[in-house]
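> Below: sequence and its predicted model.
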Amino acid sequence: MIDVTHLTVRFGHHVAVDDVSFQCRPGQVTGFLGPNGAGKTTTMRVMVGLTAPTSGEVTVDGRRYADLPNPGRHVGVLLDASAQHAGRTAREVLVLAARTMGLPLSRVDQALELVGLAGTEARRRVGNYSLGMRQRLGLAHALIGDPAVLVLDEPANGLDPAGIRWMRDLLRDYAARGGTVLLSSHLLHEVEMVADEIVMIGSGRIVARGDRGQLADLQSGEGSLVDSEDNGRLAAALTDRGLTVTRDATVLKVAAPALEVSRVAQEEHVLLTSLVTQRDTLEDLFLELTADTQRDVAARSTHPEGALR
Ligand SMILES: Nc1ncnc2c1ncn2[C@@H]1O[C@H](COP(=O)(O)OP(=O)(O)OP(=O)(O)O)[C@@H](O)[C@H]1O
């Protein structure tokens, strides 16, 4: 179990993590989702004792990381896959880890096998590895001590689609056997596919959290896509009734349920040619909740359309 309690991290005047609290439970994969610069890595660095909190704390199974005896046996960490010494082979990296943790060398081969780096791959220098291979090695390094908790920062970066699926299955299996997994990503899809719980962070603050069902309840609602024999008249009638209408290609997008749209069309004697319910996706919610922290929104307002061309 990971407990993050009122965690705040300031760098000078910049608040990177602002009063963040959440838990990661055993048997679950918790997805830590946020746009670039949201504070995910900083939070994870505090978890493993690499960054000091300004206030608040993080504990793993009730203890701070620094107070864990032989922490690699409790918490497997993958923060930066490229941080390994480029001149060492994968095998050497894992042998060193095994020696440091007091593990039998048989664990090295098991870990290499587990991440698909056994055989000649394991004898190549890490400097010649692709990013995906480094991520695999990072995962082997995190898993070698057979920890009950995994803290993984963007572990899918650089993996090919088959590798992403492999990692997803590995993490699901690990959680199913009672492990606790915290996995960060800036990609909603990646988190959605694997996480039981999602913690969304933007500008250092938690903006939403819950399982998929709970997040679905937060989604702001239902809209409709409608097409008719006279979209101009229908749009005017809908707007007159206070509904928000936008044109989406040839159809109208209305912020109201289909039944309401259909009633207005009937009152106006406009024949509908199609009417489809459109629910907000989790992605809409994510973008909405982190809108003021999305760099692309900021970039668009600084550089109005066309200014960059
Ligand atoms: N050592 C540091 N000194 C100053 N500012 C820092 C430091 N580390 C992180 N920051 C700032 O804190 C904020 C959060 O950064 P962090 O790396 O935690 O974000 P992130 O959510 O992991 O982003 P990404 O998805 O881009 O990795 C950013 O504005 C970053 O520039």
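Perfect, thanks for sending it. Residues are numbered from 1 along each chain as shown.
> ok, which residues in the stretch 201-309 of the chain are in contact with the ligand?
Residues of the stretch 201-309 of the chain lying close to the ligand (CB under 6 Å from any ligand atom): none. C-beta here means a position set from N, CA and C on the backbone, and glycine is covered the same way.
> what about 8 Å?
By CB under 8 Å from any ligand atom, the residues of the stretch 201-309 of the chain that approach the ligand are I201, G204.
> Identify each of the helices in the stretch 201-309 of the chain and give its residue range.
Ranges of helices within the stretch 201-309 of the chain are 212-218, 231-240, 258-267, 282-289, 295-302, based on DSSP state H, counting those that start in this stretch.
> Give the residue farthest from the middle of the protein.
Outermost residue of the chain with respect to the C-alpha centroid, by CA atoms, centre = their mean, is H269; its distance is 47.3 Å.
> Angles on the backbone of it, please.
phi 60, psi 40 (degrees, to the nearest 10).
> re earlier: for S130, which of the helices of the stretch 201-309 of the chain is the nearest?
Shortest distance between S130 and the helices of the stretch 201-309 of the chain, using CB to CB, is found for helix 295-302: 26.7 Å.
> does Q278 really touch V254, like I thought?
No: Q278 is beyond contact range of V254, at 9.1 Å (criterion: CB atoms under 8 Å).
> For V77, name its beta-bridge partners.
Per DSSP bridges, residues listed as beta-bridge partners of V77: V151.
> Sorry, wrong one. I was asking about T8.
Residues in beta-bridge contact with T8 (DSSP bridges): S55.
> quick one on the thing from earlier: tabulate the helices of the stretch 201-309 of the chain (CSV), appending mean pLDDT.
Formatted as CSV, the helices of the stretch 201-309 of the chain follow (pLDDT from 0 to 100):
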stretch, mean pLDDT
helix 212-218, 74
helix 231-240, 95
helix 258-267, 94
helix 282-289, 76
helix 295-302, 47
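> Tell me where the stretch 151-300 of the chain has strands.
Assigned by DSSP state E, counting those that start in this stretch, the stretch 151-300 of the chain shows strands spanning 180-185, 197-202, 205-210, 222-228, 245-248, 251-254, 272-279.
> Neighbouring strands - and their directions - for the fifth one?
Which is strand 245-248. Strand pairing for strand 245-248, determined by DSSP bridges: strand 251-254 (antiparallel).
> In contact with T5, which residues?
S21, G56, E57, V58, T59 (CB atoms under 8 Å, 6 or more residues apart in numbering).
> which one of those residues is nearest the ligand?
V58 (13.7 Å; CB to the nearest ligand atom).
> What is the burial count for that closest one?
Using other CB atoms under 10 Å, V58 is surrounded by 22 other residues.
> what do you get for L234?
Per other CB under 10 Å, the neighbour tally for L234 reads 23.
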